[in-house]
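Peer 1: Got a predicted model here, sequence first, then my questions.
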Number of protein chains: 2
Amino acid sequence: MTKEQISTYFQELQVSICNALEKADGQSSFHEDNWLRDAGGGGRSKVIQNGKIIEKGGVMFSAVWGDLHEKMLASMGLSDKVDFFATGVSIVLHPQSPLMPIIHMNVRYFEMSNGTFWFGGGIDLTPHYVVEEDAKWFHNYLKTACNKHNEAYYPKFKTWADDYFFNSHRNETRGIGGIFFDYQKTDGTRTKEQLFDFVKEIGESFVPIYTHFMKKNKDFPFTEKEKVFQMLRRGRYVEFNLVHDRGTKFGLETNGRTESILMSMPPVANWVYDYHAEAGSEEEKTLGLLKKGIDWV
Amino acid sequence: MTKEQISTYFQELQVSICNALEKADGQSSFHEDNWLRDAGGGGRSKVIQNGKIIEKGGVMFSAVWGDLHEKMLASMGLSDKVDFFATGVSIVLHPQSPLMPIIHMNVRYFEMSNGTFWFGGGIDLTPHYVVEEDAKWFHNYLKTACNKHNEAYYPKFKTWADDYFFNSHRNETRGIGGIFFDYQKTDGTRTKEQLFDFVKEIGESFVPIYTHFMKKNKDFPFTEKEKVFQMLRRGRYVEFNLVHDRGTKFGLETNGRTESILMSMPPVANWVYDYHAEAGSEEEKTLGLLKKGIDWV
């Protein structure tokens, strides 16, 4: 299986996800931008705004190549120049309703001219209000998907997500996590095909997972108070992505396409100085569940 | 002059600035929080929200001490442990009106147990809409203030601000700059008193500068279109502070008081995918003026 075949699959995945989301949203559709990278490759950014359910979101495909950036060479302990090829799909959706979760999904493949290659990816959920039944359903879905491939995946990748999606400066997780994995390489127990099958499984889990929440929540009314809290949680989402997210930082530092990288920003976010949830409120309950290590399954 | 005397001056400066801003705003007042740092020292955060002119802002004083953080030791090329003392005032104000500029001011003093000490600071302006007359007035005010102390200051510190307040991932300056300086130490031409006098000059320039804009703009009506643009410019302000600002990054990485560090966040900020100003519009004119190296005086 070649990098081109993997990339073509990702490009098709982008299309199928956008079609399913447009159908489920029923109001807005994706606007498409094609872009080329001066140093090699390019991508297709598909962005939806002002939907009935999705307020702002992006489903981004890219396949880029060229000389590996010196920062990345250094981080890998490599001294000689190498070429790289990177391709993937990355999604962030910010819903209109505070009762719907923000979702993030990413699947990616990376290959270097020295022969090394690996897969990465994950799906994680950031509910504005944590609903325990939904969190259990989500984590069970991911566990079942992982277990089709390797029973070690879910516990390992769930912990990885808890550790990665963490706003250390707030001492809280971004949301209820999910799975996150990187540097998944072939070894005695896994062929390239098997790794790719797992990544496909994750990529194809996105639509059933998010449309489940779209169907469940689309007709629920919400209050002004819930909307206010949503805006504050979006502020935390901004903080995570701009302060901690490695992909965002790396992209901005290495002259990536800013609009595609920052499609993850919410349409509106708020900050209030020294916010504290009322004792006994739903908001306080949610903040109490933004911790690492909760066993949802 | 001792570090305690410098710190006491900064504490008094905080009070006088807050009094003047409350008077000029006429509607809201500052809410005060005192905080202590586990590792030594503390501060007083004064935050105003929902004013007539100021929508959200903070005037923060701190005086902290302890072991110098290993990241900072490394950045200074120091291998032995040293104690530090740092004190200063830091301000960010987000106005209600898109016709009023966002302002940032900082004055600070840093001393180490190895005998090294320096001053830093600056004032810079981020108009949502750049008004050339205002930009000239602001830069002339700063130049005059600098020239009372040293004619080399304004050109040097103006360039420093252009380079520092730069959103490299957007290839645009945060606003119209101002002055920024750091590591100002005594040498054959400058005593500690002279440096402190200069820093006082900058600290005391804040009120005349911002109240000038408060008086000038407070009764100007604005449009919905201008409000929309203000929200996008605030998004850029968030990006600068979370992605590039060294003080913010350092504070968040070293367990600073998050609420005080992030008082610089606007109350509301927006992001629109791939925004482009209309040809010939005021918004386009402003974007064209967010460049380094404009000579405003």
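Peer 2: Yep, that arrived.
Peer 1: what does chain A have sitting close to chain B?
Peer 2: Proximity of chain A to chain B (C-beta under 8 Å from any C-beta of the partner chain) is limited to residues A:31, A:33, A:47, A:49, A:56, A:58, A:168-170, A:231, A:235, A:238-239, A:242-243, A:249, A:252, A:258-259, A:261-263, A:265-274. C-betas here are computed from N, CA, C, even on glycine.
Peer 1: residue ranges for the helices of the stretch 101-250 of chain A, please.
Peer 2: For the stretch 101-250 of chain A, the helices defined by DSSP state H, counting those that start in this stretch cover A:132-147, A:153-164, A:192-217, A:224-239, A:246-253.
Peer 1: of all of the stretch 51-200 of chain A, which residue lies closest to chain B?
Peer 2: Residue nearest to chain B within the stretch 51-200 of chain A: residue A:169 (4.1 Å; C-beta to the nearest C-beta).
Peer 1: neighbours of the closest residue to that residue other than its chain neighbours, just the number please.
Peer 2: Spatial nearest neighbour of residue A:169, excluding adjacent residues (C-beta to C-beta, 6 or more residues apart in numbering or on different chains): residue B:252 at 4.1 Å. Residues near residue B:252, counting by other C-beta atoms under 10 Å in any protein chain shown, number 21.
Peer 1: and residue B:252, how far is that from residue B:261?
Peer 2: According to C-beta to C-beta, to the nearest Å, residue B:252 stands 6 Å off from residue B:261.
Peer 1: Overlap of the contact sets of those two?
Peer 2: When contacts are counted by C-beta atoms under 8 Å, 6 or more residues apart in numbering or on different chains, the set common to residue B:252 and residue B:261 consists of residue A:169.
Peer 1: Pull out the buried residues from the residues of chain A next to chain B.
Peer 2: Burial by neighbour count, judged by 16 or more other C-beta atoms under 10 Å in any protein chain shown, picks out A:47, A:49, A:56, A:58, A:169-170, A:231, A:235, A:238-239, A:242-243, A:252, A:258-259, A:261-263, A:265-273 from the residues of chain A next to chain B.
Peer 1: So which of the residues of chain A next to chain B are in strands?
Peer 2: A:31, A:33, A:47, A:49, A:56, A:58, A:268, A:269, A:270 (DSSP state E).
Peer 1: list the contacts for residue A:227?
Peer 2: Residue A:227 touches residue A:98, counting by C-beta under 8 Å, 6+ apart.
Peer 1: Can you tell me how far it is from residue A:175?
Peer 2: According to C-beta to C-beta, residue A:227 stands 18 Å off from residue A:175.
Peer 1: what's the answer for residue A:96, then?
Peer 2: On the measure of C-beta to C-beta, residue A:96 and residue A:175 end up 17 Å apart.
Peer 1: More neighbours: these two, which one.
Peer 2: residue A:175 (26 against 20).
Peer 1: how about that one, what does it touch?
Peer 2: Counted by C-beta under 8 Å, 6+ apart, residue A:175 has contacts A:101, A:102, A:124, A:125, A:126, A:127, A:130, A:165, A:290.
Peer 1: Just the ones of those in strands?
Peer 2: The strands, defined by DSSP E, take in A:101, A:102, A:124, A:125, A:126, A:127 from those.
Peer 1: hang on, isn't the third one packed against residue A:166?
Peer 2: No. Contact between residue A:124 and residue A:166 fails when scored by C-beta atoms under 8 Å: they sit 11.2 Å apart.
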